[in-house]
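In: Need the 3D shape of this:
(2 chains)
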Amino acid sequence: MDLFLQQLLTGLANGAIYACLALAVVMIYQAIDHFNFAQGEMAMFSTYICWAMIAGGVPYWIAFFATIVVSFIGGLAIERIIFKPLHNAPVLSHIVVFIGLVAIFNSFAGAIWDHNIKTFPSPFPEGSFGGLIGLHEVGMFFVTLLLLFAIFCFFRFTRVGMAMQAAAANPDSAGLVGIRVGWMLALGWGLAAAIGAVAGMMIAPIVFLEPNMMLGILLYGFAAAIVGGISSPGGAVAGGFLVGIIENMAGTYIPAIGSELKLTVALILIVTVLLFKPNGLFGKTIVTRV
Amino acid sequence: MATDVETRIDTKLNAGAKIPFKWVIPFIVIGAVLPFILGGYATFQGTLIMIYAIAILGLNLLTGFNGQFSLGHSAFYAIGAYTAAILVYHLDWPVYAAIPVGGVVCFIAGFLFGLPALRLEGLYLALATFALGVSIPQVLKSSHLEGLTGGVQGLDVFRPDVPAILVDNFGITMDQWWYMIVFVVLLFMFWIAWNLINSRTGRAMMAIRDNPIAARSMGVNASMYKSLTFGVSAFYTGVAGAIAAIVIEFVAPDSFTFQLSILLFIGMVVGGTGSIWGAVFGGFFILTVPNFAEEISTGLSYAIFGIILILVIYVMPSGFAGLVNLLRVRIKKIL
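Out: Sure, this is the predicted structure:
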């Protein structure tokens, strides 16, 4: 039973990482209507900026919020500079640009701050909760929930949030009722970059800071977002925890799987979930008019 | 919503499939002469470009002509390569016979994968295929299959010598011989794809891409065509993988990571989504540009690759085939 509890909590702790990033993924999906494959690398780059500030002697919380602001502006700038001219290009071309961005961020982070692994400070006290789960993980769990609540309120109760959803769901009609669709996209990029930055700064104390830190995690983040339902931030968080737990449990309890196949098993489970619930566990079913 | 990945493919590109026959002959001639002009290394690179082109064409049949998104084609490439390698290594099959078998095994794998994938669209299909692509290297490495796949070490594949008549009379080298074989396979595969696209089946495939509901109400069996397209697409990629295994003389799980899927995807988009011959340019791009970026700066090679990628999309948002089509239309207007 102890082992079970231990694995459950480890799964939850990993799940918190995935959930955090899944939130950022859902956020940008609401705004631009497709996945941003560069999300993880953008978050990694933001985390490096924060690390550089802290290394330069800036107190943690000031660096934390400064990074969020810088990331927001950075996200905004990427949309305005790179994606605006490509507005009419096919979607698949956009995806190639995302891949290009991944390569650029990854490479520049390595060139500016070298490839050595760096430790990143945690804002939460050290130690663990009953020896089972670290206090940082607990803190991260609450930060994720807080973020989720803030996003929920933003989309549900603010005019800008509503306008953003409208611009993503139906750009033409949204434009006709006076929403500036182009700026809504840019805003979505900015917000997604900011949430990604928070995710990156929360994750970095656990996985350590290096240019490739987000590669694996982003995949889980995507998986979590899809399992939970891409249209629902709450679903994304739930999906994150689910993926974390499934991955850990499968690795521990099924001897044939062990650690070498646990990613495979997690992914197979996800696909199986999708076969029965094609819109994710908590996603809305989208009805298209012919 | 999620389906826009499938429906918003540039429809103007369909014209890319219809190139007058007279344009094809000079390309065949150039392709056939090249290995005798170029050096050994360049010939080998040319062979690899053609292998990629076959794989990209496979992906293109699925995404460009049928609107199904795949991030898992590295898996079919790997299955084709391993099928060929296992047949040659464990069962002493002749390498030439292993190539079509690699393709057929992939056709079956692709068809079977296509059945559950029918329920998934857009992003969800991307995730499912992605899962396939990520899990294949792990499965190949797994200790349960080590006896068959050679585990992390991989398998060696030895090519037989060039037929003696050719060596004695024409001095054909190994590189030139395999270049010619791959060239013939490439032409054959392109010819099949061409006929497929310009047939009733091809029109059904494209109808499903453009408007699945309309296609279904016109009596197109969408499920059947979608799974079949998955199979055919996997067949192409599998043949490419099988040839690659033999030409490189080695297979290992780490050659077939998710990055390969990404590369094939880039090749497809840069070449032109929904264009048959664009695949050759795509193959050229994904082989040469990373090397070129590496030459400019080793530390920043990825960044340079990324920048080139973005610039290419700026210049030709619909890929190379789209650019050529655009130029053809412009030139016709001037004349």
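In: List the contacts of B:F113.
Out: The contact partners of B:F113, by CB atoms under 8 Å, 6 or more residues apart in numbering or on different chains, come to B:T129, B:L132, B:F230, B:A234. Placement of C-beta: from N, CA and C, glycine included.
In: shaky segments in the stretch 151-290 of chain A?
Out: Per-residue confidence for the stretch 151-290 of chain A (pLDDT under 70) gives these ranges: A:255-263, A:266, A:284-290.
In: wait, the stretch 1-150 of chain B
Out: Counting by pLDDT under 70, the ranges of the stretch 1-150 of chain B that qualify are B:1-21.
In: What residues of the one helix or strand A:F72 maps to count as buried?
Out: Assigned by DSSP states H and E, A:F72 falls within helix A:60-78. When burial is assessed from 16 or more other CB atoms under 10 Å in any protein chain shown, helix A:60-78 yields the following buried residues: A:A63, A:F64, A:T67, A:I68, A:V70, A:S71, A:F72, A:G74, A:G75, A:L76, A:I78.
In: Next secondary structure after that helix?
Out: helix A:91-113.
In: packing partners for that next one?
Out: helix A:39-55, helix B:4-7, helix B:258-271, helix B:301-315 (3 or more CB pairs under 8 Å, 6 or more residues apart in numbering or on different chains; DSSP states H and E).
In: Near the closest residue to B:D175 other than its chain neighbours, how many other residues are there?
Out: Using CB to CB, 6 or more residues apart in numbering or on different chains and skipping the chain neighbours, the partner closest in space to B:D175 is B:T43 (4.4 Å). Counted with other CB atoms under 10 Å in any protein chain shown, residues neighbouring B:T43 total 22.
In: Verify the stated contact: B:T43 with B:P35.
Out: Yes - counting by CB atoms under 8 Å, B:T43 does reach B:P35; the two are 4.5 Å apart.
In: related to what we said a few turns ago, for the residue nearest to B:D175, give its distance to chain A.
Out: Remark: distance between B:T43 and chain A (CB to the nearest CB, to the nearest Å) = 29 Å.
In: Around chain B, which positions in the stretch 101-250 of chain A sit nearby?
Out: A:101-104, A:106-108, A:110-111, A:169, A:219, A:222-223, A:226, A:230 (CB under 8 Å from any CB of the partner chain).
In: Tabulate the contacts of B:F113 (TSV), appending distance to B:I334 and secondary structure.
Out: As requested, the contacts of B:F113 are arranged in TSV below (distance: CB to CB, whole Å; DSSP: H, G, I helix; E, B strand; the rest coil):
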residue	distance to B:I334	secondary structure
B:T129	43	helix
B:L132	48	helix
B:F230	43	helix
B:A234	43	helix
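In: and of those residues, the nearest to B:A193?
Out: B:A234 (13.8 Å; CB to CB).
In: show me the residues around that closest one that make contact.
Out: By CB under 8 Å, 6+ apart, the contact set of B:A234 is B:G58, B:H73, B:F76, B:I79, B:C106, B:F107, B:A109, B:G110, B:F111, B:F113.
In: returning to what we had before: and the residue nearest to B:D175, which of the three is it?
Out: Taking DSSP: H, G, I helix; E, B strand; the rest coil as the rule, one finds B:T43 in the helix state.
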